[in-house]
Every structure is written in C-alpha cells, then in structure tokens.
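J.: Here is my input; please provide its structure:
(chains A and B)
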2 protein chains.
Amino acid sequence: MDNSELTKKKFQEIAEKIDDFILNNLSNKVLTLWKASQHYITAGGKRLRPFFIIKAYSLLAENYENIIPIAAAVEILHTFSLIHDDIMDQDPIRRNVPTVHTKWDESLAILAGDFLLSQAFVFVHHAKIPQDIKYRVLLELGRVSSKLCEGQTMDIEFEERIDVSIEEYMRMVELKTGALFEVSTFIGGLCAKASKIQLKSLEEFGNKFGISFQIIDDILGLIGDEKKFGKPIGSDLREGKKTFLLIYALEHLKNQEKRELITILSKKEKTNEDISKGIELIKNSGAIEIAKKIVKNKLDEAIAKLEIFPDSESKKELQKLALFSIQRTY
Amino acid sequence: MDNSELTKKKFQEIAEKIDDFILNNLSNKVLTLWKASQHYITAGGKRLRPFFIIKAYSLLAENYENIIPIAAAVEILHTFSLIHDDIMDQDPIRRNVPTVHTKWDESLAILAGDFLLSQAFVFVHHAKIPQDIKYRVLLELGRVSSKLCEGQTMDIEFEERIDVSIEEYMRMVELKTGALFEVSTFIGGLCAKASKIQLKSLEEFGNKFGISFQIIDDILGLIGDEKKFGKPIGSDLREGKKTFLLIYALEHLKNQEKRELITILSKKEKTNEDISKGIELIKNSGAIEIAKKIVKNKLDEAIAKLEIFPDSESKKELQKLALFSIQRTY
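T.: The predicted model follows:
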C-alpha cells in the first residue's frame, strides 16, 4: 500500500466513524424529519471537516475517538447549510441524488436543516473531554453558523450585481466557506489543549485551506466532471453566482467579450448555448490560470502554518491533503 | 396603580430590557440579514418566554439582570421558529406587519431564521452566571430547538390527514409549543440553582402553561379579533391545520355536518364563505366550550405546581399570568 492509499484508508476509517455516530444519534422521534435529515449523509460526501478536526487534534493528543461527537457535530452543521443553500439556489441535484427540497418539499428541507443545526449542539455533549472545552466548542459552533448565514446572504446579494470586487468575494468566501474549515482545525486544537500560538496557526491553516477549497470548487463547477462533482456543471453561471472566475473575467475581458458575458448574465433564462459561451469567455479571460495560482499560493501558506508542530503522521496527512487538493477532480 | 397595572408595568420593563439586548447584540456585519432578523422584534410581541425565565429565576434568586442575555436567547430562538413557520404556512401577516418572506423573500427569511437560531447560542455567553450553568443552558437550547422542528413537522404532516387524534395533537403541541415554555421556566430555575424537585415543578408549570397557550391560540385563531391577534382569522382552517377545535369537531359532529366540514377541508382553494361555514360548524360541535374547560384545568394544575415555592411577588405574578391567560383576547 503506497502513501496516498494509506491516507485514503485513514480518511475512510474516520468517515465511517463519523457516519455511524450521526446515524445512531440523530433524534428519530419523527420519521420523515429523520429521513430528510440524513439524506445527504447517506448519499456520500468526503467528511473533510471531520477529518480536519481529528487530524488537528491528533497533532497534539491521542485517542481521537473522544472527539468523534464533535467532528460529527461540525459535519451535520455543514449538512444543514447545504440543505438550506440548495433551497435558495433551487439546485436539483447534490452528491448525485435529488436535493432534499426536490425529494420531499421546501418545508421539510427547511425543517431538516434547522433540525441538523440544532442537533449539532446536542452532539457535542457526547464528547469525552472536559466540560469547559465543550462549552467553548458550543460557542464556536454558534459563531460559525452565524457566519455561514452572513456569507450566504452576501453570496445571494451578489447574484443581482455585476460589479462585485475580488475583495468583496474574499470577504464572502471567508464567511461562507473559510469559517467552517477555520473553526474545524481550531476546535481540533482546542480539544487537544493547544497553546494560543498553536491555535492561531491551526486557525490560519483552516482559513487558507477553506478559501482555496472554495476557489477550486468554483473551477470544478465550471470545467469539472459532472458525475464526479455530483451536481450540474455551469449552474453557478446559470444562477449568476459571482465566483472568483466570473469576477475576474468581468474585470479583465476586453469590451466586446465583456459585453457578451454581461448579456448572458442579464438573461433570466439562460440556454445551454449561453452557458457554453459564458464558460468559453471566462476561460478566454485567463481566470482559471490565475485562480490556480492563487490556490497554490494559499495552500503553500497553509502548509507552512503547520511547521510549528512536531513531526507526526497527522501533520504529514494534513500537509498532503492541502498539497493534493489543488489536483482534486471532484 | 392596581395589581394588574403593576404586572403590566413589570412585563413592559422586562420586555424593554430584552429588546435592548437583542437589538444591541445581534451581529450586524450584513445589513439586510440584520434587518430581516430583527423585523419581528421591532414589530411587537409580548416577550412571554423571557418573562417566564426571569420570573422563574426570581422565585429563588435576585438580580435578574444577570440572565437577560439568556432570556433574550430564548426570545430569538422563538423568533427563528416564527419566521420559518411563516414561510411553510405561507402566512402573509404576523404582529400586524408583513411576514419576513413577504417583505423580503424566502431565501432571506430562511437565512434570518437560521441566523437567529445561531445567535441564540452566542447570546448565552453574555450571561453573568457560572459557566457550568451556561453549558447546561446551551444544551437545553439545542434540545428544545430540535423539538420545535419535530413538532412543526408533525403539524405539517397533520394538514394532509383528517384522522388526527387528540392524543396525537397533544404530542405535537408538547413539542411545538409546550417545550419552549417548559424550557423557559426550567432554565430560569437552573440559573437560580433550583433543587431537582423545584426544577421538576417549574418544568411542569411551563409545560402545562404552554399547552394551554396553544389551545387558547387555536381558539383566538378561529374567533378572535384580527387586529389584536395580529394575523388573519380562520387561516388555520384555510391551511387545514389540525387544531384542537377542528379535531374535536371532526370527532363529534353528526353525519351531515361532519361531511360538510370534510368537504370544506378537502377544497384546495377555500372561499370566505367556506371559512365562515367551517367556523360555524366547529362552534356547533361544542369544541370551544370543551377547549376552554381543558385550558382552565391545565392552568389550575400549572398554578398548583408553584405551591412548593416560598411566597413572593414573582410567584404571584406567575400565578396571575396563568390565571388571566384564559381571558386573553390577543
């Protein structure tokens, strides 16, 4: 078994423990709500945030089993945001299955999201760590989920604008995507009683990784493999989402091409030809190369943040994950 | 100033402190989200749950200022559920103002609800009580908001059925309405370091009051004053909500009248005449008299639960509130 297979196996092992905890502990008093709430969990997903929590914890402590409930809490908090975002974006497919509001209806999707967010706070209680740390984790969960809402509001507001700047995009992504990765590595360190300096480094690692992750997602959403990506290619463009790529293209395309792109964006109903043309224009702007460069820099910076930790398997895995994520195809 | 004016004044005093705390502490990084989140707060409302928390606390402790942040947390958790329920029920008016999804849109209403739920957990941190109690409060908030989701799911599922039993209704109401009153008095006691027996009594007081409160709401929704009630009369019937009154009428009306009521319920679009006829049929069944009797019994039982506490102004106020709530007209 080579190194990358070993990482994959460990990834799998953690994912299974997370899923077991979620499926066994989600309150199941009301059957439909329970089914809708676990729909995205059973559909797949990478459990990336739990992996970060556990690996950050394992940089400094042993027996990660103690914090599985906290890693599971962060995963269902993430799932809450996926379910609600899918309603707002009217996305039909996620993880290759119908979205919750499509399979059931919007009401149940709203409730399933609310329920998962609520249960995240209940999950934390099961962790086998001192209560004062669990208290801090609960506060962090409240704060990060507030940030997710703020980021998603900005993301939606941007749909109606064509003058969004890269700076505004970065602020939005920090809230919508960065914050949850940031809090994952932070919480992992918190549970392992990391020092203030260590916590700061972990937080920055998570933040930089999270922003890269979103930019990679923007790229895959435009030129990825639909099957692997789990949702339709070009849907960001269809919805008018201001991705890094689109903002860059709007800022850098020359007059004629820029006008064409704006015309496509301004159409309420975009045809498949519109989407193909839009993708071509964005590609022409050089946005993808620039985006990849930014991602590479951010990931290098992220990796450097881990230097202050003693060498270990977990450190290697975190660094490898960051290093390879630029090559991910799903 | 007579007794009832004094209670009203104290009510007002607490409500103002709660509102001040909410409006000053709700994160305002994203303007639209902040506006939508505070829309129902500035529109009015009684702040009944904060009153219960503070009065339960004051049965045993002084300086209720210490727990204002917790009472405010419960109020915004309640507001979260109102905003989301209004989307699901497609209600246009609440507290005499347009509902959040009507004034803005469904996406922002989903986000405002999510945001308030998240901020509730952040609010708790500001309370001036020991951290181990705040930890328990956070867990209770997670549990109760899970229950609200379960209750609301049942309520929605009941809309499609005409064979809902009073027993099922009671289970739904315990989750959807009872639980939050129950947790309010419980948390108040918890913050005041109440004994286990005292906590049990407070919890039962809250539970019984909460169920009565919902049944009174069912009555006012059918025969109340629209202006005072703050939303359209008969909308429960229009939406097919299985209120205590409707369930009782379906169980007790004779054949011809029962068939008429079922016919009205089965119509997708109900005319104003349908609603008036429906209200008349429900009245004929004697449901309102029975409902009032049940409410009176529950409230008597609730009041009795407070007997174990030493006499005080707060005890009198809690009892009076329970006693008078059967006469409320809004």
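
J.: A:P50 and A:E260: what is the separation?
T.: Using CB to CB, to the nearest Å, A:P50 is found at 43 Å from A:E260. Backbone N, C-alpha and C define where each C-beta goes, glycine included.

J.: Which one's more surrounded, the two?
T.: Of the pair A:P50 and A:E260, A:P50 is the one with more neighbours under other CB atoms under 10 Å in any protein chain shown, namely 29 against 16.

J.: Read off the pLDDT value for the closest residue to A:L220 other than its chain neighbours.
T.: Nearest residue to A:L220 in three dimensions, chain neighbours excluded: A:F229, at 5.3 Å (CB to CB, 6 or more residues apart in numbering or on different chains). pLDDT, A:F229: 74.

J.: And A:F11, by the same measure?
T.: 84.

J.: That one is in what secondary structure piece?
T.: Assigned by DSSP states H and E, A:F11 belongs to helix A:3-25.

J.: Can you name every helix or strand that that helix contacts?
T.: Applying 3 or more CB pairs under 8 Å, 6 or more residues apart in numbering or on different chains; DSSP states H and E, one finds that helix A:3-25 contacts helix A:31-43, helix A:48-58, helix A:68-89, helix A:106-124, helix A:313-325.

J.: Go again with 7 Å.
T.: helix A:31-43, helix A:48-58, helix A:68-89, helix A:313-325 (3 or more CB pairs under 7 Å, 6 or more residues apart in numbering or on different chains; DSSP states H and E).

J.: Could you pick out the residues of the stretch 1-150 of chain A near chain B for me?
T.: A:27, A:29-30, A:32-33, A:84, A:87-88, A:107, A:110-111, A:114-115, A:117-119, A:121-122, A:125, A:131-132, A:134-135, A:138-139, A:141-143, A:145-146, A:149-150 (CB under 7 Å from any CB of the partner chain).

J.: buried ones in stretch A:275-291?
T.: A:I275, A:K277, A:G278, A:I279, A:L281, A:I282, A:S285, A:A287, A:I288, A:A291 (16 or more other CB atoms under 10 Å in any protein chain shown).

J.: Smallest distance to chain B belongs to which residue of the stretch 201-330 of chain A?
T.: A:E239 (11.6 Å; CB to the nearest CB).

J.: Count the neighbours of that residue for me.
T.: 15.

J.: do the same with A:D300
T.: When neighbours are counted by other CB under 10 Å, A:D300 comes out with 14.

J.: distance of it from A:L306?
T.: Separation of A:D300 from A:L306 (CB to CB): 11 Å.

J.: Quickly compare the helices and strands packed on helix A:3-25 and say which is most buried.
T.: helix A:48-58 (a mean of 26; mean count of other CB atoms under 10 Å in any protein chain shown).

J.: what's next to that helix, contact-wise?
T.: A:11, A:14, A:18, A:64, A:67, A:70-72, A:74-75, A:78, A:180-181, A:184-185, A:187-189, A:191-192, A:202, A:206, A:314, A:317-318 (CB atoms under 7 Å, 6 or more residues apart in numbering or on different chains).

J.: do stretch A:223-239 as well
T.: So stretch A:223-239 is contacted by A:89, A:91, A:93-96, A:159, A:218, A:220-222, A:243, A:246, A:270, A:275, A:278-279, A:288, A:329-330 (CB under 7 Å, 6+ apart).

J.: so how far is it from its chain's centroid?
T.: 16 Å (CA atoms, centre = their mean, to the nearest Å).

J.: for stretch A:33-40, same thing?
T.: Computed by CA atoms, centre = their mean, the chain-centroid distance of stretch A:33-40 equals 19 Å.

J.: swap in stretch A:72-84?
T.: Using CA atoms, centre = their mean, the offset of stretch A:72-84 from its chain centre is 10 Å.

J.: do stretch A:112-127 as well
T.: For stretch A:112-127, the distance to the chain centre is 18 Å (CA atoms, centre = their mean).

J.: Could you give the average pLDDT over it?
T.: pLDDT averaged over stretch A:112-127 gives 98.

J.: Brilliant, that's me finished.
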